[in-house]
Structure formats: structure tokens, C-alpha cells
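Peer 1: Mind looking at a prediction? Sequence and model below.
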Amino acid sequence: MAKKTTYRPQKRLTFIDIIKGNFLNRDELKDHYKFFLLIFVLMMGMIYSNHLVNKKIKIVNALKEETEEYKSRNAYAQSKLIKVKMESELGKQVAADSLMTLESHPHKLLIKLDSTDAKAK
């Protein structure tokens, strides 16, 4: 003959019991331990995957900053290249016209007018 189960009313679960961990000794937990173990494993999996995602986000942000740096370097190099090309083209045209570059810079002439000469004119 099968053993007859008796119904024992249990004390209500309170917040203090949860904080102290007394809920782990209850019969309901012992009956459904596989379910609670599955929930625990799933929560650990979520935490670990979130950790991996945060690592990937940091790597992506670092790569974005690096690409911005390389883009600015590329723009600077292209502007320098355009200037060099323009100077070489200008040099070819000047050489075709048989013009030479100056070895000494021109002098600036300053002309001062006397106040008496300005009134006379």
C-alpha cells in the first residue's frame, strides 16, 4: 500500500526569509530543484553573454576612433599631394615659357610724401 501524504501548511515566505536564505530549505525548492538549477544556469549565461557584448562594443569603439584618425591623415595627405601636383604642373608651364624662378626675393619700395607736396598737388 502507498504511503499517504499529509498536507502540512507552511509558514508564509517573508522578505526577511528571502534575505536570510531560509527559502532554500523549503520543501517546494526541494521538489523543483531542477527548474531552479535551469534558471540559475540561464541567468549565468545571460550575464556572460552581456560581458562578451560589452567587450565587443569597446573594441568597436576603439576601431571607430582609429578609422577617424586614418581618415583625417588620408585627407591631409591628399591635400598635400594636390598641392605638389599643382606646383609641378605650374613648374612645367613656367619652364615651357622659359621663365626662371627668382633666387632673391624682390624688395619692397616705400615712397613717403611730404605734407607740403601733397597740399600742392
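Peer 2: Nice, I can see it.

Peer 1: only C-alpha atoms for contact and neighbour calcs from this point on.
Peer 2: Noted.

Peer 1: all helices of the chain, in order?
Peer 2: For the chain, the helices defined by DSSP state H cover 15-20, 27-31, 33-96, 115-120.

Peer 1: Tell me how many other residues crowd Gly91.
Peer 2: 15 (other CA atoms under 10 Å).

Peer 1: Stretch 24-35: end-to-end distance?
Peer 2: 14 Å (CA to CA, to the nearest Å).

Peer 1: buried set for that stretch?
Peer 2: Within stretch 24-35, no residue counts as buried by 16 or more other CA atoms under 10 Å.

Peer 1: Would you mind giving both backbone torsions of Ile111?
Peer 2: Backbone torsions of Ile111, given as degrees, to the nearest 10, read phi -110, psi 120.

Peer 1: what about it, neighbour count?
Peer 2: Other residues near Ile111 come to 6 when the count uses other CA under 10 Å.

Peer 1: Alright, calling it a day.
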